[in-house]
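Chemist: all I have is the shape, not the residue letters:
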Ligand SMILES: Cc1cc2nc3c(=O)[nH]c(=O)nc-3n(C[C@H](O)[C@H](O)[C@H](O)COP(=O)(O)O)c2cc1C
């Protein structure tokens, strides 16, 4: 019923209502009937199902996500300063494809409100059962901002993710020397992260050479894990077969990044390639296009330790978490 009502609202408003509902205790509860726990970053993870970056930018609904059954939530993208993001509309449903195009551009109230929310969550009973990540970004790629964010967030979370792959920012600090830029940013985060793992979130590519260079530079810089993949820019749309959509435009130019089922084969390819490059011990989180239990298993089978999702929740709601739990339980037998 609530899902049907949400679909009547513009997508960004529906998202806001969902966050508020979760924040104030509404929403279903799900609990594993089979033990789905695993170890990640040396900690116990209740199950390998996570909320992807961007879904709870301000860390407002952490207890609600945990009640819904998630084992992990990645808050953010957190930025140091307040910024409005791109003008609205900036989020579109692609109903036939069960996808989204988002051109959010990191709307943010700055890091202080996020830190307040993370702080007030630490004493809640749900904290013990939820792996927390902070997804951090600097619009201009400033190393001092990464260091500031890493220093402030790391005492309150279990890991940090460096968002090196958002297609929605005017300034693209990765344009000229992506590997070198990412490596410098990883080092700046690691120096400030007080021992907490630092992950790198990559954009979609099916180019082995590009991946290999990025993974090599990041590993050398001391990265603790990888995340693949972020949303797909218009320029890369040919990577998704049959993606015949009316891409939104601003000032005559196509804008935003695609998420949805078409990302799953790309995320699987990337996870597989990264796993082959880094070996079995480096954590990899798979994200992109998971909209069923079978999708989740496919990404885990490609070599991911855990998965995250966002767009699937918009279309399937909390039932998706239950379906994935069921598929994982059947797999464990
Ligand atoms: C509305 C929206 C906002 C997003 N914001 C962020 C963000 O702030 N940081 C980030 O790393 N990824 C962000 N993402 C990307 C997701 O975390 C994820 O990588 C992508 O949507 C693919 O997964 P999905 O197909 O399950 O949605 C956003 C995605 C959407 C749809």
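Modeler: Now that the structure is in, tell me what you want to look at. Owing to the predicted nature of the structure, the values given are computational and were not obtained by experimental measurement. Numbers count the residues shown, from 1 in each chain.
Chemist: quick check: residues of the stretch 101-250 of the chain near the ligand?
Modeler: Counting by C-beta under 6 Å from any ligand atom, the stretch 101-250 of the chain comes close to the ligand at 102, 104, 106, 135, 163, 201, 230-231. In short, each C-beta sits where N, CA and C put it, glycine included.
Chemist: among these, who's most crowded?
Modeler: In terms of neighbours by other C-beta atoms under 10 Å, these top out with residue 231 at 28 neighbours.
Chemist: for the nearest residue in space to that residue that is not next to it in sequence, what are its contacts?
Modeler: Closest residue to residue 231 apart from its sequence neighbours, by C-beta to C-beta, 6 or more residues apart in numbering: residue 257 at 2.8 Å. Residues in contact with residue 257, defined by C-beta atoms under 8 Å, 6 or more residues apart in numbering, are 101-103, 166-168, 230-233.
Chemist: with adjacent residues omitted, what lies nearest to the residue of the chain found nearest the ligand?
Modeler: The minimum distance from the chain to the ligand, using C-beta to the nearest ligand atom, falls at residue 54 (2.0 Å). Nearest non-adjacent residue to residue 54, counting by C-beta to C-beta, 6+ apart: residue 310, 6.2 Å away.
Chemist: surely that neighbour meets residue 50?
Modeler: No. The criterion here is C-beta atoms under 8 Å, and residue 310 misses it with residue 50 at 9.8 Å.
Chemist: from residue 66, how far out is residue 229?
Modeler: 25 Å (C-beta to C-beta, to the nearest Å).
Chemist: cool, and residue 293?
Modeler: Taking C-beta to C-beta, one finds residue 293 at 20 Å from residue 66.
Chemist: show me which of these two is the more surrounded one.
Modeler: Using other C-beta under 10 Å as the criterion, residue 293 and residue 66 rank with residue 66 on top: 26 against 19.
Chemist: summarise which helices and strands the helix or strand that contains the more buried one is packed against.
Modeler: Secondary structure from DSSP states H and E places residue 66 in helix 62-68. Contact here means 3 or more C-beta pairs under 8 Å, 6 or more residues apart in numbering; DSSP states H and E; on that basis helix 62-68 packs against helix 11-23, strand 72-78, helix 111-121.
Chemist: dump the ones you listed into JSON lines; add distance to residue 144 as well.
Modeler: Putting the helices and strands packed on helix 62-68 into JSON lines (distance: least, C-beta to C-beta, whole Å) gives the following:
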{"stretch": "helix 11-23", "distance to residue 144": "30"}
{"stretch": "strand 72-78", "distance to residue 144": "15"}
{"stretch": "helix 111-121", "distance to residue 144": "13"}
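Chemist: export these to JSON lines and tack on mean pLDDT, distance to residue 283 and mean neighbour count?
Modeler: Below are these laid out as JSON lines (pLDDT from 0 to 100; distance: least, C-beta to C-beta, whole Å; neighbours: other C-beta atoms under 10 Å):
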{"stretch": "helix 11-23", "mean pLDDT": "86", "distance to residue 283": "26", "mean neighbour count": "17"}
{"stretch": "strand 72-78", "mean pLDDT": "96", "distance to residue 283": "11", "mean neighbour count": "27"}
{"stretch": "helix 111-121", "mean pLDDT": "97", "distance to residue 283": "21", "mean neighbour count": "17"}
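Chemist: and residue 34, which of these is closest to it?
Modeler: Proximity to residue 34, assessed across these by C-beta to C-beta, is greatest for strand 72-78 (18.0 Å).
Chemist: the closest one near the ligand anywhere?
Modeler: Yes. Contact of strand 72-78 with the ligand (C-beta under 6 Å from any ligand atom) involves 76-77.
Chemist: can you list contacts of that strand?
Modeler: By C-beta under 8 Å, 6+ apart, strand 72-78 touches 45, 48-54, 56-59, 62, 65-66, 106, 108, 111, 114, 117-118, 130-137, 149, 153, 157, 161, 163, 166, 306, 308.
Chemist: tell me which of the residues you listed fall in strands.
Modeler: Residues of these located in strands (DSSP state E): 45, 49-51, 108, 131-136, 161, 163, 306, 308.
Chemist: let me see the ranges of the helices in this structure.
Modeler: For the chain, helices defined by DSSP state H occupy the ranges 2-8, 11-23, 62-68, 111-121, 143-153, 178-192, 208-220, 264-278, 293-301, 311-316, 319-332.
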